[in-house]
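>>> need coordinates for the below:
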Amino acid sequence: MDQTFPTNLRIYGIDNQGNRLAQKTVIPNFINENRPWYQQAITTGEIIWSDVFIYKPTQRLAISTVEPVYDQNNQLDGVLFSGLPLSLFSNVLDDLTIGKTGEIFIIDASSNLIASSLENSVVITNPEADPLEQVIKRVNIANSTSSFVKELDKIISNELSTIQEPNFLQVNLDNQPTFVQVFPFDSIINEKWFVVIILPEKDVIGEVQKNIKITIFIWLITLVISLVIGL
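Now for the predicted structure:
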């Protein structure tokens, strides 16, 4: 925090040794006591993972480890905070190849996006405003930019609370036969998340047909070579 202006938060980069680098930005009127992660830390009195929140300076979802710090008289000095951007998860998903047109994403039990291979997990409702005045909301898959994902929400949203093990579905999305897999897992913040994979049937059939063609081609080459050797 800024000692001259105590409510200003100054953000600096660091190198791989933890040494402070140049200042990146300043957030005015940053009142820690109003932050949900701050309240969670002082309520529990121990080190915990926070709930998912929107980190406004980067306009991205994040979670954080928080720990209250007390003085010798057991009075609260402050809260230690270390954030983890969930965009790291999206980067991993984006590197995965799910057929030709498949999609993979992570949602919570309320169908809010945690990470996705195709779209941002937050949306800015007034992008023309000053960055500190922008209204940023999480994206629910019911409002996804993907027609596949939007239709899938109607099928699985009411079932998420009952899913305890991996589910495999065959459904029609956007008038296309589609394979869907839903994998539940307990996240590091003690909240159930779900990995959802959407794979159009045409991608699977196309790959099978491709492999059959390759097999036939290899068989024909082998046959020709055998005939030549026989001569």
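>>> where along the protein do the helices fall?
Applying DSSP state H to the chain gives helices spanning 36-44, 87-94, 147-156, 201-230.
>>> mean pLDDT lowest for which of these?
Lowest mean pLDDT within those: helix 201-230, at a mean of 51.
>>> show me the domain layout of this structure.
9-86, 96-204 (the TED database).
>>> determine which stretch of these is the most buried.
domain 96-204 (a mean of 16; mean count of other C-beta atoms under 10 Å). (Glycine included, C-beta is placed from N, CA and C.)
>>> quote the end-to-end distance of that one.
Using C-alpha to C-alpha, to the nearest Å, the end-to-end distance of domain 96-204 comes to 16 Å.
>>> gap between that domain and the chain center?
Offset of domain 96-204 from its chain centre (C-alpha atoms, centre = their mean, to the nearest Å): 9 Å.
>>> for residue 22, what are its contacts?
12-13 (C-beta atoms under 8 Å, 6 or more residues apart in numbering).
>>> ditto for residue 73
By C-beta under 8 Å, 6+ apart, the contact list for residue 73 is empty.
>>> what distance do you get for it to residue 39?
Per C-beta to C-beta, to the nearest Å, residue 73 is found 22 Å from residue 39.
>>> one more: residue 84?
Distance from residue 84 to residue 39, by C-beta to C-beta: 19 Å.
>>> what do you get for residue 95?
From residue 95 across to residue 39, the span is 36 Å (C-beta to C-beta).
>>> now swap in residue 173 and tell me
Using C-beta to C-beta, residue 173 is found at 40 Å from residue 39.
>>> same thing with residue 158?
31 Å.
>>> so how far does stretch 77-96 reach from one end to the other?
44 Å.
>>> contacts for that stretch, please.
By C-beta under 8 Å, 6+ apart, stretch 77-96 touches 32, 37-38, 41-42, 52, 55, 58, 60-71, 104-106, 114-117, 121.
>>> try stretch 50-64
For stretch 50-64, the surrounding residues in contact (C-beta under 8 Å, 6+ apart) are 11, 25, 27, 35-37, 40-41, 49, 65-66, 81-87, 108, 112, 114-115, 121-122, 124, 131-132, 134, 136-138, 188-189, 191.
>>> quick one: residues contacting the residue nearest to residue 191 when sequence neighbours are not counted.
Of all residues not flanking residue 191 in the chain, residue 108 sits nearest, at 6.2 Å (C-beta to C-beta, 6 or more residues apart in numbering). By C-beta under 8 Å, 6+ apart, the contact set of residue 108 is 52, 114, 191-194.
>>> filter the residues you listed down to just the ones in strands.
Among these, the members found in strands (DSSP state E) are 114, 192-194.
>>> now the residues you listed in CSV, with pLDDT and distance to residue 149?
Converted to CSV, these look like this (pLDDT from 0 to 100; distance: C-beta to C-beta, whole Å):
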residue, pLDDT, distance to residue 149
114, 91, 13
192, 86, 19
193, 89, 16
194, 91, 13
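>>> what's the closest of those residues to residue 201?
Using C-beta to C-beta, residue 194 is the member of those that sits closest to residue 201, with 21.7 Å.
>>> what's the distance between the nearest residue to residue 106 once chain neighbours are set aside and residue 89?
Leaving aside its chain neighbours, residue 106 sits nearest to residue 114 (4.1 Å; criterion: C-beta to C-beta, 6+ apart). Noted for residue 114: a distance of 7 Å to residue 89, by C-beta to C-beta.
>>> between the two, what contacts are shared?
residue 106.
>>> tell me the centre residue of the chain?
residue 115 (1.6 Å; C-alpha atoms, centre = their mean).
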